[in-house]
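> what follows is a protein structure lacking sequence information:
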């Protein structure tokens, strides 16, 4: 045997030995962490939701269209479907995915296959992952997933609080997954059926961040169809990094760490499914505990033990864990007590100082009232004293230090924010002060910092001082106070005010932005012809008009019975013998629960005793009130209505001779009939107008403000 041959055989023996040794070690070592996927080109979660319940839809041959806002972008996409919480298989006969074109329309639906097949059947409790679809997916863009269900759909596995309109064809509608137009999708709801994840690859994402939480993470009380949950705001921040990250929302309303129930497993029980198995997961932000401590019956020590177990299991799989402090909840029902508050403080001390988490986000500090730390600050409170409004959601996202996530690189270190969070400006006023604050959260100075406001057309803003500074040191902030004046004809209501800052970070140009919803309120002014005004209140009434918008400031003890105290903007001789009077009440503030605003008709609104008097209003708290005069004495002596109050409210009176029928609607499309009444004294063409009353009999001196943005009469 030659020396060379022996040498080669020696190498082969070593190779075989090395292979055997590697196989032995692989069997003994724990499975590689999911986070390791991001070390090579692979899939990264860009959108997710936690399925947790099911129901029988009672429908057949239907297609559903599910819009989702992705976080990270890529050049290919795949979808993940689940049939959890069910006892029967489900078949998807056809699936597509495409960029959203608005509403239920899709720019170009791409075919989705499963193992090369159009159809997939998912057994009860199982999942299915699609093949890759080549489609460019920009970060923070909207995709639409369409699923067709052949035959009888016996059940739907769902995430029920989607806060997103989901579109369905009617029963028997058939396969419309490949439609670009959305005309076939005539039914809607707001739950996510079967879809549990969307993944991308080929982009710049360096892994994903999983938000494990309860109803706050799920987005409760944030604006629907606006992507204003705190994980959405976090995704927006991360999208500005050179290497971004996906953000996966795994919140379930009512979720707890220490216990679960049917249809809502505990955070510990769902950790593998919703966090550890997510493609490309690098980090989990754990934001739970308020349900455990408030109504769940857990002690602070029990909650801490549960948090430790989550951290231990996540660390074993190579994930970082960021702990979020438990938010204040005093005033939320009757759940708060001094003892529970002590437990909350104990848990938060553990999150901040326990040394178990890789880092923490102080959500408690971000939204608490400095004057009473057991409560939300008013600017962040949705009104139920537990769930934040959109501004509070943004405050949570701002409280996360992006450098601690380990899932994005080279992020902008300077941030700009506007305050107050909900400024109020008066039409025709002298201007309102709004402050922009730029903060450098990085470790090195940023330079050439400039700030500017983005305003609606016709608005103006004057800064007090310079809006540019040369350098901003680490940890430092710079503020500019602007006097903002709306246009003279600015529409009353909500307007977005934006701010942008530009700066240089490590020699590169970077940017950040923010926005707030500003409210423009009316100031008393003239009402222009052909509109007239009248009032029967002790307090002097005031009025305003802005194009088709109207405002009424009024006192008044009531409209019905022995009193008829109101203020009105009206059109003389505008109510035909057969026709319709319609208006939209945008809102009513500043008075008692029985305060009313709506539409009125009469033969003469300045003299109701002349007959034909009828009024349809929405009260501040007690729902609809349809009032009529049955005997022609000018007093509203019949009543119908009730229900819940809502604003904006469309109100409609339909007259046919002496018969009046009242209708109401929340959207101006679907109308609810309130009642029909006969007003014998109605004759000829009458007056029609907008009315408001404070009902201040039990609230003396109070003045109501009622806003209307639509008023019309039609034969």
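It's in. Quick caveat: nothing in here was measured; it's all calculated off a predicted structure.
> what sits against residue 456?
Residues near residue 456 by Cβ atoms under 8 Å, 6 or more residues apart in numbering: 486-487, 490, 495-497. Any C-beta I mention is one placed from the backbone N, CA and C, and that applies to glycine too.
> give the buried subset of those as a ChimeraX selection command.
To isolate the buried ones among the contacts of residue 456 in ChimeraX, judged by 16 or more other Cβ atoms under 10 Å, type:
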select :486,487,490,495,497
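> from the contacts of residue 456, pick the one nearest residue 458.
Distance to residue 458 across these (Cβ to Cβ) is lowest for residue 487, with 3.1 Å.
> the residue lying closest to that closest one once chain neighbours are set aside: which element?
Nearest residue to residue 487, sequence neighbours excluded (Cβ to Cβ, 6 or more residues apart in numbering): residue 458, at 3.1 Å. Using DSSP states H and E, residue 458 is not contained in any helix or strand.
> dump the residue contacts of residue 458.
By Cβ under 8 Å, 6+ apart, the neighbours of residue 458 are 486-490.
> isn't residue 414 up against residue 444?
No - in this structure, residue 414 is not within contact of residue 444 by Cβ atoms under 8 Å, at 10.9 Å.
> who touches both of those two?
Common neighbours of residue 414 and residue 444 (Cβ under 8 Å, 6+ apart) are residue 505.
> tell me which of these two has more neighbours.
Using other Cβ atoms under 10 Å, the more surrounded residue of residue 414 and residue 444 is residue 414, with 24 against 11.
> where's the more buried one relative to residue 670, distance?
From residue 414 across to residue 670, the span is 48 Å (Cβ to Cβ, to the nearest Å).
> sec struct for residue 275, please.
Assigned with DSSP: H, G, I helix; E, B strand; the rest coil, residue 275 falls in the helix class.
> neighbours around it, how many?
Neighbours around residue 275, by other Cβ under 10 Å: 27.
> what about residue 312, which helix or strand?
With DSSP H and E as criterion, residue 312 is part of helix 300-316.
> follow the chain on from that helix and name the next helix or strand.
strand 320-324.
> can you map out the strands along the stretch 251-400 of the chain?
Taking DSSP state E, counting those that start in this stretch as the test, the strands found in the stretch 251-400 of the chain are 281-287, 320-324, 359-361, 368-369, 372-376.
> shaky segments in the protein?
Where the chain drops to pLDDT under 70, the residues are 1-41.
> for it, which segments are assigned as helices?
3-28, 215-218, 230-238, 271, 290-294, 300-316, 338-353, 363-367, 390-398 (DSSP state H).
> and those helices: which comes nearest residue 144?
The nearest among these, by Cβ to Cβ, is helix 230-238 at 17.4 Å.
> report all helices and strands that the closest one contacts.
strand 208-213, helix 215-218, strand 246-251, helix 390-398 (3 or more Cβ pairs under 8 Å, 6 or more residues apart in numbering; DSSP states H and E).
> in TSV, list these along with mean neighbour count and distance to residue 541.
TSV is the format used below for those (neighbours: other Cβ atoms under 10 Å; distance: least, Cβ to Cβ, whole Å):
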stretch	mean neighbour count	distance to residue 541
strand 208-213	30	49
helix 215-218	24	43
strand 246-251	29	48
helix 390-398	24	34
